[in-house]
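> Coordinates for the following, if possible.
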Amino acid sequence: MIRTGQTGRRAGILWLFQIITGGLAMSYVRSSALVPGDVAATAGRITGSEPLFRAAIVGSLLSQVFFFFLGLTLFELFEEVDRRLARVLAASALVSAGISVVNAGAHLGALLVLGRPGFLNVFDPAQLDAVALVFLRLANGVGQGLLEIFWVPFYVSFGLLVIRSRFLPRIFGILLTIMGAGFAFNLFQKFLIPQFHPAFFTQSAMALGAAGGIPTVLWLLIRGAGNRDPGDPLLAGRRRP
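Numbers count the residues shown, from 1 in each chain. The predicted structure follows:
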């Protein structure tokens, strides 16, 4: 038997921690720190609650550590099913985590500018606020889009592996695959036609993410992943070198 239950639960725990730390960080930055269309108000909120903003950065970094190890754990879980797809899954997670760390660096850059260090005295306060907002928009706009590029192969390969392995209910694999397709469509809209109802497509992609991700996380936490006989043709016929 291929014993996958413990590995599945470990993946569920890592995924849950990643969702909690990353979700709280993103929620704070986007709902409390950023004020759309108001540079001065955004700068005031960040400098007025700098410890919370720094905590959000730390939370984002922690979430990527969990995501990094989630990718490795899922590779361990699925490598006997289809090694090539498992490699795509793991590589997508690792690259995504790296881009997120760069985005966190942009947030730290915004804090540096808003801290008004002496070497920036040649700029007036309004200019510094504008530069800080550039960093924030890079992290939460383009940077987030670049990050989501690798969510597409991550969730599509994850879904296909679930369907092929039957370690989890096949419906979860279908939902994860649809989730990846939703992010792909959202990216197409975000980069090519950003003026075309951007909030609707982003919210739709996030809703698909919840529909596919939440039940999968809960199943992994509670049930783990089912054990399979390595001689089962459903597994053996799908292995790749």
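
> Point out where this structure drops to low pLDDT.
Of all residues in the chain, those with pLDDT under 70 make up the ranges 1-4, 193-211, 225-241.

> ok, which stretches of it are helices?
In the chain, the segments counted as helices under DSSP state H are 5-28, 39-48, 50-78, 83-114, 125-137, 143-149, 151-165, 170-192, 198-223, 233-236.

> which of these is buried the deepest?
helix 151-165 (a mean of 23; mean count of other C-beta atoms under 10 Å). To be clear about C-beta, it is placed using only N, CA and C from the backbone, and glycine gets the same treatment.

> Which elements pack onto that one?
With contacts taken as 3 or more C-beta pairs under 8 Å, 6 or more residues apart in numbering; DSSP states H and E, helix 151-165 sits against helix 50-78, helix 83-114, helix 170-192, helix 198-223, helix 233-236.

> Put together TSV for the ones you listed, with distance to Trp151 on each row.
Shown next, in TSV, are the helices and strands packed on helix 151-165 (distance: least, C-beta to C-beta, whole Å):
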stretch	distance to Trp151
helix 50-78	10
helix 83-114	6
helix 170-192	5
helix 198-223	8
helix 233-236	27
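
> do you know which of those lies nearest Val39?
Val39 lies closest to helix 83-114 among the helices and strands packed on helix 151-165, at 11.0 Å (C-beta to C-beta).

> ok and the closest one relative to helix 125-137, angle-wise?
170 degrees (axes from the mean of the first three to the mean of the last three C-alpha atoms, to 10 degrees).

> Quick one: work out the angle between helix 83-114 and helix 39-48.
100 degrees.

> by contact count, what packs against helix 83-114?
Looks like helix 83-114 contacts helix 39-48, helix 50-78, helix 125-137, helix 143-149, helix 151-165 (3+ C-beta pairs under 8 Å, 6+ apart).

> and of the ones you listed, who's closest to Gln18?
Minimum separation from Gln18 across these (C-beta to C-beta) falls at helix 50-78, 3.8 Å.

> Centre of the chain to the closest one, how far?
Centre-to-centre, helix 50-78 and its host chain are 9 Å apart (C-alpha atoms, centre = their mean, to the nearest Å).

> Which strands or helices does that helix pack on?
Helices and strands touching helix 50-78, by 3+ C-beta pairs under 8 Å, 6+ apart, are helix 5-28, helix 83-114, helix 151-165.

> CSV for those helices, including distance to Ala181?
Listed next are the helices and strands packed on helix 50-78 as CSV, based on distance: least, C-beta to C-beta, whole Å:
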stretch, distance to Ala181
helix 5-28, 20
helix 83-114, 15
helix 151-165, 7
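
> Now render the helices and strands packed on helix 83-114 as CSV, adding distance to Gly23.
Below are these laid out as CSV (distance: least, C-beta to C-beta, whole Å):
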stretch, distance to Gly23
helix 39-48, 20
helix 50-78, 8
helix 125-137, 19
helix 143-149, 14
helix 151-165, 15
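
> Quick check: which of these is nearest to Ile99?
Across these, Ile99 has its closest neighbour in helix 143-149 (4.6 Å, C-beta to C-beta).
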